[in-house]
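Q: need the 3D shape of this:
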Amino acid sequence: MSRLLLNPLSVLYKTVSFLDLQIKRRRRREFPGSYIISVDSLSFGGTGKTPLVMAIGQALEAQGARFAVISRGYRSRFEKRGILVESTHSYEEVGDEPLMLKAFFPRQDVFIGRDRLRSIRAAMERNNRILILDDGFQSAHIKKDCRLLLVHPGHPYFYLRHFRFLARRAGRVLTWRPGSPEAGSYGFTIRHFLDAAGREVEIGDAPLVAFSALGDNERFAGDLRRYRLAAFRPFPDHHAYDAGDLRSLEALRREKKADWMVCTEKDFFKIRGLLSPAVPLLYARNEIQLPGDVIGQIVQHAREKGFL
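A: Predicted coordinates:
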């Protein structure tokens, strides 16, 4: 669909969304026994919210903190009723990103559900006092203690979801900028390549064929171009891979004479049950790069409030 058609449609969508947020704000709920961190975006996915959740969680774990991640579990089987995510769940049951977060934080709780209030209550019942809302921007009916908003002007659907002026409601706004992050910006780097067993692999200058199903596939492709990227195949965000997809990708790898097939960590959790041991697949662990004070300020604020 062309931008000429999307732009007027987005005005209608953003207007309805804005009115919905205003209604929610009028019945805002407070949770004085918890410290709520909201990771937000104005776009339809692809800005890096999940890597930011992971970075915040790592910093909290380093302080010995217990916390819970509250996610929606978009398009999953348990999205409507909500559930505590277990490592034994499938991505069809709980969603790709929540399953990835649970694997990354096995000792912490991850909840999914359309009803964020119900998830928060369930998390607090399990003695979680620090809560991270993944994509908490939609939850205007919940009072947050800390709000970070990621803005990605290069995103293909930038500002089609919400009006720009709503960024003023965030406590801290970070804008994507490739390269080393400066004040007010953020970026990404591929920290490791891992195999299906989670072992680190050095790829050197080996040729790669890569694929992803993200809100912004081009960003991942751009990160891989510093390696020998022989071909890249994008899929729609939250694409449900099947065996045919993997056969096609393996045929592409053979055609390009690439040593490895590479995907994102999020994609790996969707395809791991379909993998043949003969397929040389790696997943890239993407890490968000932030100005030095961002995570430190969150930790310090939580400590000042008595939650650390």
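
Q: from here on, contacts and neighbour counts on C-alpha atoms
A: Fine.

Q: now residue 220: closest residue in space, sequence neighbours ignored.
A: In space, and not counting its chain neighbours, residue 220 is closest to residue 212: 7.6 Å by CA to CA, 6 or more residues apart in numbering.

Q: which residues touch the one you found?
A: 220, 233, 234, 235, 263, 264, 267 (CA atoms under 8 Å, 6 or more residues apart in numbering).

Q: with neighbour count added, can I get those residues in a markdown table?
A: Shown next, in a markdown table, are the contacts of residue 212 (neighbours: other CA atoms under 10 Å):
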| residue | neighbour count |
| --- | --- |
| 220 | 24 |
| 233 | 15 |
| 234 | 16 |
| 235 | 16 |
| 263 | 24 |
| 264 | 21 |
| 267 | 24 |
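
Q: the residues you listed in helices, which ones?
A: Among the contacts of residue 212, the members found in helices (DSSP state H) are 220, 267.

Q: tell me the one among the contacts of residue 212 nearest to residue 53.
A: residue 264 (16.2 Å; CA to CA).

Q: quick check, pLDDT for the closest one.
A: Predicted confidence (pLDDT) for residue 264: 96.

Q: what do you get for the one 3 residues further on?
A: Each residue has a pLDDT score; the one for residue 267 is 95.

Q: isn't it up against residue 213?
A: Yes. In this structure, residue 267 is within contact of residue 213 by CA atoms under 8 Å, at 6.8 Å.

Q: my guess is residue 28 contacts residue 142, does it?
A: Yes. If you go by CA under 8 Å, residue 28 and residue 142 touch, sitting 5.3 Å apart.

Q: quick one, which of those two is more surrounded?
A: The neighbour count for residue 28 versus residue 142, taken as other CA atoms under 10 Å, is higher for residue 142 (21 against 12).

Q: and that one, what does it touch?
A: 25, 28, 29, 30, 117.

Q: what are the phi and psi values at the third one?
A: Pointing back at residue 29 there. phi -110, psi 140 (degrees, to the nearest 10).

Q: burial count for it?
A: Number of residues near residue 29 (other CA under 10 Å) recorded here: 14.

Q: how far away is the nearest residue to it once chain neighbours are set aside from residue 216?
A: Spatial nearest neighbour of residue 29, chain neighbours left out: residue 142 (5.1 Å); criterion: CA to CA, 6+ apart. From residue 142 across to residue 216, the span is 28 Å (CA to CA, to the nearest Å).

Q: equivalent analysis for residue 15, please.
A: Residue 15 is 24 Å from residue 216, where distance means CA to CA.

Q: likewise residue 298?
A: Distance, residue 298 to residue 216, using CA to CA: 27 Å.

Q: so those two - more neighbours on which side?
A: Ranked by neighbour count (other CA under 10 Å), residue 298 and residue 216 place residue 216 first, with 23 against 19.

Q: what backbone torsions are found at the more buried one?
A: Phi and psi for residue 216, reported as degrees, to the nearest 10, are phi -140, psi 80.

Q: so it touches residue 48, yeah?
A: No. In this structure residue 216 lies outside contact range of residue 48 using CA under 8 Å: 9.4 Å.

Q: among the contacts of residue 212, which one lies nearest to residue 280?
A: residue 263 (11.3 Å).

Q: what about the strands in the stretch 101-250 of the chain?
A: 109-112, 130-134, 146-151, 172-176, 185-194, 207-212, 228-234 (DSSP state E, counting those that start in this stretch).

Q: rank those strands by pLDDT, which is bottom?
A: Among the strands of the stretch 101-250 of the chain, strand 172-176 scores lowest, with a mean of 85.

Q: elements contacting that strand?
A: On a contact count with 3 or more CA pairs under 8 Å, 6 or more residues apart in numbering; DSSP states H and E, strand 172-176 meets strand 146-151, strand 185-194.

Q: what's the pLDDT at residue 9?
A: Per-residue confidence (pLDDT) for residue 9: 68.

Q: I figured residue 78 hits residue 93, correct?
A: Yes. Residue 78 lies in contact with residue 93 (CA under 8 Å); the separation is 5.7 Å.
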